[in-house]
Structures are given as C-alpha cells and as structure tokens.
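Q: next input, structure requested:
(chains A and B)
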There are 2 protein chains.
Amino acid sequence: MFKTLSSKAASLLDQELMSTGAFSIDQLMELAGLAVAKSIFKEYPPTKFQNCLILAGPGNNGGDALVAARHLKLWNYNPILYYPKKSKSNQLYLNIATQLQQLKIKEIESIEDFKSTASSTDLIVDGLFGFSFKPPIRAPFDETIKYLSETKNLPPIVSIDVPSGWDVDEGAILEHNIIPSLLISLTAPKPCASIFVEKNKNGKHYLGGRFINEEIAKKYDIEELIKKYKNDDLVVKL
Amino acid sequence: MFKTLSSKAASLLDQELMSTGAFSIDQLMELAGLAVAKSIFKEYPPTKFQNCLILAGPGNNGGDALVAARHLKLWNYNPILYYPKKSKSNQLYLNIATQLQQLKIKEIESIEDFKSTASSTDLIVDGLFGFSFKPPIRAPFDETIKYLSETKNLPPIVSIDVPSGWDVDEGAILEHNIIPSLLISLTAPKPCASIFVEKNKNGKHYLGGRFINEEIAKKYDIEELIKKYKNDDLVVKL
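A: Down below sits the predicted model:
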C-alpha cells in the first residue's frame, strides 16, 4: 500500500536529520506543524470548522500541534489549546507557547473544560503522542484518551503522525481507541497508519514533512513515497 | 498604494519578533525562505524555469535565499548556488549550507562562473542584501551587481525583500541598478518596494512572511497589509 517506518527506524531517521542532515529541531518542527495545518485546511476548512481544540502532549508531537495551532489561527480558525503537561526546560516549546499567547489563543486547563470543549467544538487535533510513545499513558492523558475514544458524536479527530494511545508498530492496543477521521503521517507513515487505513475505509490519510534528501530516502527505502508530492505542495493525500 | 516599513522600523520589528515575540531565527528564516520559494513557483514554474542561479549574500537575506534553494530543489528546480562570502560562525547558515550540499546542489565559486551561469540560466534569485544593507558594496558583490545591472538579455531576476544595491528607504542609488522582474517583500514592503512598483509597471510584487500577530501589526500599522493574505496561502500578490 505504502512504505512505513517502524518507531525505531523513524527515530533513527529523525536523529540522522539532525546530525548529518544538519537540521535544527526548530526547522523540522516548523515544517511539520505547517504540514499538519495545511492538511487540516484541505479537509476541514475554517468556513465550517472554525473552532478547533488543539491537544498538545509533552513531546515533539505536542510541539507540532502548537506550531499547527499558530498557523491555523492566522488562517481564520479559532483554536483553543489544551496543553496540560508543559515542558519547563525545552526552550522551543516554551517559545511556541508564548507565540500562541501573543496570538491570544485561549487555553483551557482542567479535564472538565477539556471534556466540554471537545464535545462542543468543530474539530479536535490530537497532538498528544507521536512515534516515541510507549505505554502506559500517564494522567491526565489516560482520561483524555478514554474520553475521546468512548464519547459518541464527537467532532472529527485529526491525529498527528500516530493516533494517540495506539502502539506505533502494532496499531490499536487499548480496550477503547481513538479513531481519527484524518491521520497526518510525518516524514513517512508508521505501521499503525497501515492499520488505520485498512480498518477505516472512510479515514483520510495525508503525508507531510517534505524535507528528506535523496540519500536519506534511499537509505530508509522511502524514495517512492516522497515522489508522491506534487508541484510545490507541502502535503499529499495518500 | 501599500504600507511600507523603513529599514529602521523593519529592524525594530524583527528584533521584537525575536524578543517578546519569542521566535527563533530558525523559525523565521524557514518561513521567509519558504515564502520566497512559493512566490517563485507561482511566477516562474520549474517546467519553464528549471535552472536557477541562487545568489546568497553574507547575512539574513542570503539565509532566506539558501532556505528557498532547498525548497526549490525538492520542487523539481535545479538550483546552482553562488555564495562567495560564507559566515564561519553563524551555525544556522552553516547548517542550511550543509542541507544544500546533501541535496547535491552545485555551487560555483568564481566571478567568471557566476557571469557565465547568470547569462545561461533560466532565473536568477537575488538574495545578496536585505533591509540592513548599507553602502558601500564590498567585493565580490560590487562586480556581481554591476554585471546584473549592465548585462543585456539576462533571465528574469527575483529579488528577496530589497533589490540588492538599492537604498532600502530611497530606492535605486547606483549609476546602474538591478531591475528585478519579481520583488518578494518579507513581513512588509520597504520604501524601495514602492519605488520599484511605480517605476516598473511590469514588475511583479509579492508579500510573504505570514507570522505577525495582531498586536505587532497594530504597533507597526500594518494591519491592513496582513489582511491581504487569503485562505492558507503563505504569500500574496500585491
């Protein structure tokens, strides 16, 4: 269907981009978050999905969500942020959070506010956990994910790179699982993306993160994948 | 016609983005360079303008050009780089230059190679000097700019933010001046952009760098300007 990278291979590729590839995390996160926002705009335009709840986890997946929120705000969305476990030491995350404050993006802090917002918003962006995720899910994200997976009639969920709570390589592992309407794979799909596409015939799947050179693409056997991008598009529907 | 920012105001705005705005130079340059590449793609698609000569100066304008070259290469252009005065201490510029090497972007080093390439390529991207430029023009850029301004039948020139060699606030000041076909203003046009548009009826003018929050826009009186962006576009034709 499409080539995937295991969590281990994705981690190695990421390290390689930042070592020999000479990319800074600022650059990569900017391009990843922009790809997320671009994919959302294509499938859920602000004319119909203006209010969106941005769920940011403690790591890079959360950082991508923060960058996406910044772009979405400038594109006429009204994002609300739930970012309960902020890093106190990662300067980049702190900076992007400040950028969001300056855009007057509202933030909610309690799990109750999360629940009521999730039920009443137009769109939910799941940036809780990415390809480095290992169980168990710690509080408050256990309750967050339980709510997203068990509540009926929620708005569409957009997952960044991995539907949060799923095993990156094995797919859904919880008793109840988030089922996104749109999955945005970054750099390359992870094995859970194949499972997502197989099991959800209506699920949409995009690829973003167009920054891989030929040599790295060859090494990780994703040359055919990155040829799918067209023109100057930053994302492609798979 | 459109609101402009003097070199002094542009410099203050830039400092503000990086201090209270909490942006890193990596983030800003990534978005600026991407806006440059997006504008080029709209006006000069790779189907007709595949070969392009990227002129990178020693400062941030050159950095924007390097980032643009990276995106252009991934979008099926064949950029060739002329970057004769590399910073030895700016880690970001060094990193982006490495990224270009890994994309196997060819580099030329002599002024003779610059001249022959400029005359035979499809497009020239002028990232020599930006809004911090103050005369005099030092070697080898004096000869570079003289060649670009005096040689007939060159391919179209795209200038990033400021046509190199022009006074940022006063416009063209040299005996001979670069006349770009496309000027891409970043964040906001500088006064020289007004002069460019007035004197070159066929000159195209784009705005890019869509990262300004409302408060900063208000402070610098560019609210109307940033409202010109449409949808999720990163650039707008002015």
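Q: which non-adjacent residue is nearest the spatially most distant residue from the centre of chain A?
A: The C-alpha centroid of chain A is most remote from A:Glu215, which lies 25.7 Å away (C-alpha atoms, centre = their mean). Spatially, and ignoring its direct neighbours in sequence, A:Glu215 is nearest to B:Gln102 (6.4 Å; C-beta to C-beta, 6 or more residues apart in numbering or on different chains). For every residue, glycine as well, the C-beta is placed using N, CA and C.
Q: so what pLDDT did the one you found get?
A: B:Gln102 is assigned 96 on the pLDDT scale.
Q: then A:Phe49?
A: Looking at A:Phe49, its pLDDT is 98.
Q: residues contacting it?
A: By C-beta atoms under 8 Å, 6 or more residues apart in numbering or on different chains, the residues touching A:Phe49 are A:40, A:77, A:122-123, A:155-156.
Q: the residue farthest from the centre of chain A: which element?
A: A:Glu215 belongs to helix A:214-219 when assigned by DSSP states H and E.
Q: check which helices and strands that helix sits against.
A: When contacts are defined as 3 or more C-beta pairs under 8 Å, 6 or more residues apart in numbering or on different chains; DSSP states H and E, helix A:214-219 packs onto helix A:7-18, helix A:223-226.
Q: so can I have TSV of those helices showing distance to A:Lys85?
A: Converted to TSV, the helices and strands packed on helix A:214-219 look like this (distance: least, C-beta to C-beta, whole Å):
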stretch	distance to A:Lys85
helix A:7-18	21
helix A:223-226	32
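Q: okay, the ones you listed in JSON lines with mean neighbour count and mean pLDDT next?
A: Output for these, formatted as JSON lines (neighbours: other C-beta atoms under 10 Å in any protein chain shown; pLDDT from 0 to 100):
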{"stretch": "helix A:7-18", "mean neighbour count": "18", "mean pLDDT": "97"}
{"stretch": "helix A:223-226", "mean neighbour count": "17", "mean pLDDT": "96"}
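Q: out of these, nearest to chain B?
A: helix A:223-226 (8.4 Å; C-beta to the nearest C-beta).
Q: after the closest one, which helix or strand is next?
A: Downstream of helix A:223-226 (by DSSP H and E), the next one is strand A:235-237.
Q: strands paired with that following strand, and their directions?
A: strand A:204-208 (antiparallel) (DSSP bridges).
Q: what bridges to A:Asn51?
A: A:Asn78.
Q: interface residues of chain A facing chain B?
A: Within chain A, the positions adjacent to chain B are A:20-24, A:26-27, A:30-31, A:34, A:37-38, A:41, A:70-71, A:74-75, A:92, A:94-96, A:98-99, A:102-104, A:210-211, A:213-216, A:229, A:231-232 by C-beta under 8 Å from any C-beta of the partner chain.
Q: and those, which are buried?
A: Neighbour-count burial (16 or more other C-beta atoms under 10 Å in any protein chain shown) applied to the residues of chain A next to chain B gives A:21-24, A:26-27, A:30-31, A:34, A:37-38, A:41, A:70-71, A:74-75, A:92, A:95-96, A:99, A:102-103, A:210-211, A:213, A:216, A:229, A:232.
Q: tell me the angle the helix ranked longest in chain A makes with helix A:7-18.
A: Ordering each helix of chain A by length in residues (DSSP state H) puts helix A:25-43 first. Orientation of helix A:25-43 against helix A:7-18 (axes from the mean of the first three to the mean of the last three C-alpha atoms, to 10 degrees) gives an angle of 120 degrees.
Q: ok, and the closest non-adjacent residue to A:Pro156?
A: A:Ser181 is the one closest to A:Pro156 (C-beta to C-beta, 6+ apart), at 3.8 Å.
Q: what segments of chain A are helices?
A: Secondary structure of chain A, counting by DSSP H: helices at A:7-18, A:25-43, A:60-74, A:91-102, A:111-120, A:141-150, A:191-199, A:214-219, A:223-226.
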